[in-house]
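**Student:** can't give you the sequence, but here's the structure:
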């Protein structure tokens, strides 16, 4: 041991102080006092597993769900905190060729069109490089047919030069019913077909698909065995997965294998009004107020009225959601992951009390409500992480009613409606209101049902002054009324 | 919903909170009613039969055991049924590969009987004993055998999920044979050469009649085909949540040799004073240990004699060690910590990047945070007793249980499976949960696993399990392990409750 000490004692600068740790006030993360040279990502509230950007490259004939998958995957990755963007080649083409005439543009012997399409692809790739280098993007989804080995070769070289990983997602489908349904759902309303009637549009689009068919070279188990990819057959009845390289690709594969396109609805609701709600206190584990009990009954009636096939009902482990579910008279599952955000030392306080006892915390929360973590509690960012298995299971399920809490509902809603981290903590999720979400085209239709049972308002908007030095009145400006 | 429920207006039942698990359940006359369903991983309403498929030495038993261990750890009662074992019980002494020849009538009869005996036990486990998943580990290489199994499953209302392992790489197969076959009871009396010869001939016996799962013929079945130890997967018709989880797990495991190092943070200030939880910094002794860890793991030696008092300027020494570590890297070591100060302080000295996981934070003791056991006994004697009665399921008021912890740690386990060399600097309860996963410990044993301070556990996969090396760094620390006392009754005396509390300052 002495040997080691002597060897190294002489060669080191012994004046460096033991780095003390300090806790960042917003995220409540312990970091070394002096900026450490190690690990740039020290300050994040959860581990980042990507060390280099990833390009996800879609492959498949038109109307195979590539854009649907691209948008959905992007929405999911952004929600879990991985900056992702879609680059849709069709949009680049529409910008160059202002008016779409007909399928002839896509004929393989149309030299002029080919030139334009190649130029669009280059342009998109350039934007992808920019997204990674200048905009801190981590994943780029290149949404195009990419049906030839040649085109894919170009993309692979591009990625290799810059050190990006590539993961292919190929959608293969030969069921004419599914293809026609796709076309009806999303193609007919495309800007390309504004001036067509439905029948003409369908005929033209099918000819467009034919243009690609001749040159289509699917990913091959043998020839492409060195590539990383997933091949999705017939909307998910079968998958072929090859060479998953890292964590993010593994998560992507898991996600893709859990989503489906069967029509269904997801109902989100908070518990009925609780006793602590009435008193303007946050958190806790109180029972329903008398209005809350009325809501539970009204919810039961509403659900019955909707005549939902095989409805699953989920609650948190907190009394108020379970009481609400009890009124429905059907089996329900309790998920601890659906518990309300943990307000740590501020649990069961009124906003006025938080301002009185923790004014700095209160201000920090207004400054960055998404990342702000309560002392000994959680942040919205933590909540999203906690809710990820819930989202995954919601994707697997069909008709589900989730009875949860304000912060939790905001997180789930943000996932379905693709809301940013900045918008998420301020989404309006009032008591006694059911939101019915139904997947539609590339997104989600929302219907809001207020069940006409009075309740307090628990929504606190961001006040104008978020400075730590603000006055009490300024801090409490937006606190909703309570008893 | 049924029509009767349409008519009857449900009267919400009264709720009572179960004192141990802190779960709200409906009650009648003050007694809990049974119906409530907790969020359990296995959201299947019917049991699942996992059926392995593949030639010998393709990793079927490795996969079966690993999958069983994982499912049990996440709370899905699972059991494996290895037909080879049934065969060994029936045919006491294994002579040679000739037993497996496809024209050996006697052999075929015995093998079929064994398969049926195993299926019988499967039925016992799934239908009588509340098992959720049974793993039927055998070659199941013919369509005929698989049809038999499917008929059996259909009769009993089980879902079937096939896991086929296909591998043609002779090196992998040879490695398999050396790792696990040579040590099999079948070959105790053979030398290595003979054993390998015989086993290769055994494989040949199966090859001719092997009918792999077919993309077309078997398109209605639910299965995953694992090709070349995980380079490629074919997944067909995943039916439900548990199958989806199984597929995800199988796609994340690998067999590349590596080691996982588990240790706790260095001794903390609260440790020294006998308090639980909290977010304190390291004690002076704690600050020393992290460096010892560095030396230890880099040198990969089993025991390190380390006399701290010998050196007067600890911080200098600490730095020396830190530098030394940087020079001698374990190949691509990843270091993970929780977000609590004491584990981060411990990692800081290693001089390598580390990742903070909130999910590695110590168990939340709720209202008992930062209390000494003596204080918990004084203020919450009922809670203290309940915890001793069922430490795994017991949830602190406004806190967590070990069961909650396991659920929280599942993504960590999944990522540990994906990774190679990792050092996890965590906490007592967390380390117990992770250790229980690797060493296949039950829920009863888990909360009492010994994970002392200043000790690194090095886990290396070997054969079907995990080798553990314990490296105590010979730096003193308090003991934080509290055994289960004899009297766990609510009415016990304080002395009886505090009998096993470890000494502290």
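**Tutor:** Alright, I've got the coordinates. Just so you know, these numbers come straight off a predicted model, no measurement behind them. Numbers count the residues shown, from 1 in each chain, chains lettered A, B, ... in the order given.
**Student:** List the neighbours of stretch B:188-201 that are in contact with it.
**Tutor:** For stretch B:188-201, contacts defined as CB atoms under 8 Å, 6 or more residues apart in numbering or on different chains pick out B:56-57, B:96-97, B:174, B:177-178, B:181-182, B:187. C-beta: built from backbone N, CA, C; applies to glycine.
**Student:** buried set for that stretch?
**Tutor:** Neighbour counts over stretch B:188-201 (16 or more other CB atoms under 10 Å in any protein chain shown) mark B:190, B:195-196, B:198-200 as buried.
**Student:** One more: stretch A:117-132?
**Tutor:** Buried residues in stretch A:117-132, counted by 16+ other CB under 10 Å: A:117, A:120-121, A:123-125, A:128-129, A:131-132.
**Student:** Could you point out which residue ranges in chain B have low pLDDT?
**Tutor:** For chain B, applying pLDDT under 70 flags the ranges B:1-12, B:29-44, B:284-329, B:473-475.
**Student:** Longest helix in it, by number of residues?
**Tutor:** helix B:105-123 (DSSP state H).
**Student:** quick one: that one to chain centroid distance?
**Tutor:** Here the centre of helix B:105-123 is set off from its chain's centre by 30 Å, with CA atoms, centre = their mean, to the nearest Å.
**Student:** same question, stretch B:440-448
**Tutor:** So, by CA atoms, centre = their mean, the centroid of stretch B:440-448 is 10 Å from its chain's centroid.
**Student:** Can you name the residues that contact residue B:502?
**Tutor:** Contacts of residue B:502 by CB under 8 Å, 6+ apart are B:274, B:478-482.
**Student:** at 6 Å instead, please
**Tutor:** For residue B:502, the contacting residues are residue B:479, by CB atoms under 6 Å, 6 or more residues apart in numbering or on different chains.
**Student:** Residue B:247 now?
**Tutor:** B:224, B:235, B:238.
**Student:** Relative to chain A, how far out is the first one?
**Tutor:** Noted for residue B:224: a distance of 9 Å to chain A, by CB to the nearest CB, to the nearest Å.
**Student:** Surely that residue forms part of a strand?
**Tutor:** Yes: using DSSP: H, G, I helix; E, B strand; the rest coil, the secondary structure at residue B:224 is a strand.
**Student:** helix or strand for the closest residue to it other than its chain neighbours, which one?
**Tutor:** Computed as CB to CB, 6 or more residues apart in numbering or on different chains, the closest residue to residue B:224 that is not its neighbour in sequence is residue B:235, at 5.0 Å. Using DSSP states H and E, residue B:235 sits within strand B:232-236.
**Student:** Kindly report the same for residue B:469.
**Tutor:** strand B:465-472.
**Student:** got a list of contacts for the helix or strand following that strand?
**Tutor:** Later in the chain than strand B:465-472, the nearest helix or strand by DSSP H and E is helix B:494-497. Residues from elsewhere that reach helix B:494-497 (CB under 6 Å, 6+ apart): B:377, B:384, B:487.
**Student:** I'd like these written out as JSON lines, with distance to residue B:21 and neighbour count added.
**Tutor:** Below are the contacts of helix B:494-497 laid out as JSON lines (distance: CB to CB, whole Å; neighbours: other CB atoms under 10 Å in any protein chain shown):
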{"residue": "B:377", "distance to residue B:21": "21", "neighbour count": "21"}
{"residue": "B:384", "distance to residue B:21": "16", "neighbour count": "23"}
{"residue": "B:487", "distance to residue B:21": "22", "neighbour count": "14"}
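**Student:** and which of those residues is nearest to residue A:419?
**Tutor:** residue B:384 (44.9 Å; CB to CB).
**Student:** Would you enumerate the residues in contact with the closest one?
**Tutor:** Residues in contact with residue B:384 (CB under 6 Å, 6+ apart) are B:376-377, B:497.
**Student:** Show me what counts as buried in the helix or strand hosting it.
**Tutor:** Assigned by DSSP H and E, residue B:384 belongs to helix B:381-389. For helix B:381-389, burial by neighbour count (16+ other CB under 10 Å) applies to B:381, B:383-388.
**Student:** can you give me the offset of it from its chain's centre?
**Tutor:** Using CA atoms, centre = their mean, the offset of helix B:381-389 from its chain centre is 27 Å.
**Student:** who touches residue 186 in this structure?
**Tutor:** With no chain named, the answer covers chain A. Residue A:186 touches residue A:441, counting by CB under 6 Å, 6+ apart.
**Student:** look at chain B instead
**Tutor:** residue B:94.
**Student:** Surely it is in a strand?
**Tutor:** No: under three-state DSSP, residue B:186 falls outside any strand and is assigned helix.
**Student:** quick one: it from residue B:220, how far?
**Tutor:** With distances taken as CB to CB, to the nearest Å, residue B:186 is found 36 Å from residue B:220.
**Student:** Equivalent analysis for residue B:146, please.
**Tutor:** Remark: distance between residue B:146 and residue B:220 (CB to CB) = 12 Å.
**Student:** One more: residue A:384?
**Tutor:** Residue A:384 is 38 Å from residue B:220, where distance means CB to CB.
**Student:** In terms of neighbours, single out the busier of those two.
**Tutor:** Neighbour tally, residue A:384 and residue B:220, criterion other CB atoms under 10 Å in any protein chain shown: the higher count belongs to residue A:384, 23 against 8.
**Student:** Now residue 333: phi and psi?
**Tutor:** Went with chain A since none was named. phi -110, psi 140 (degrees, to the nearest 10).
**Student:** hm, I was asking about chain B
**Tutor:** phi -70, psi 130.
**Student:** correct me, but it touches residue B:421?
**Tutor:** Yes: the criterion here is CB atoms under 6 Å, and residue B:333 meets it with residue B:421 at 4.8 Å.
**Student:** now the helices for the stretch 151-300 of chain A?
**Tutor:** The residue ranges that make up the helices of the stretch 151-300 of chain A, judged by DSSP state H, counting those that start in this stretch, are A:176-182, A:198-213, A:247-258, A:275-278, A:290-306.
**Student:** Kindly apply the preceding question to the stretch 251-400 of chain B instead.
**Tutor:** Using DSSP H, counting those that start in this stretch, the helices found in the stretch 251-400 of chain B span residues B:269-272, B:284-299, B:314-327, B:341-348, B:373-379, B:381-389.
**Student:** give the contact list for residue 159.
**Tutor:** Going with chain A. Contacts here follow CB under 6 Å, 6+ apart; on that basis residue A:159 touches A:55, A:166.
**Student:** ah, no, chain B please
**Tutor:** Residue B:159 makes contact with residue B:48, according to CB under 6 Å, 6+ apart.
**Student:** partners of it in the sheet?
**Tutor:** Per DSSP bridges, residues listed as beta-bridge partners of residue B:159: residue B:48.
**Student:** Among the contacts of stretch B:188-201, which lie within helices?
**Tutor:** Cross-referencing the contacts of stretch B:188-201 against helices under DSSP H gives residue B:174.
**Student:** would TSV of the contacts of stretch B:188-201 with neighbour count be doable?
**Tutor:** Converted to TSV, the contacts of stretch B:188-201 look like this (neighbours: other CB atoms under 10 Å in any protein chain shown):
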residue	neighbour count
B:56	22
B:57	23
B:96	14
B:97	17
B:174	13
B:177	21
B:178	14
B:181	18
B:182	16
B:187	18
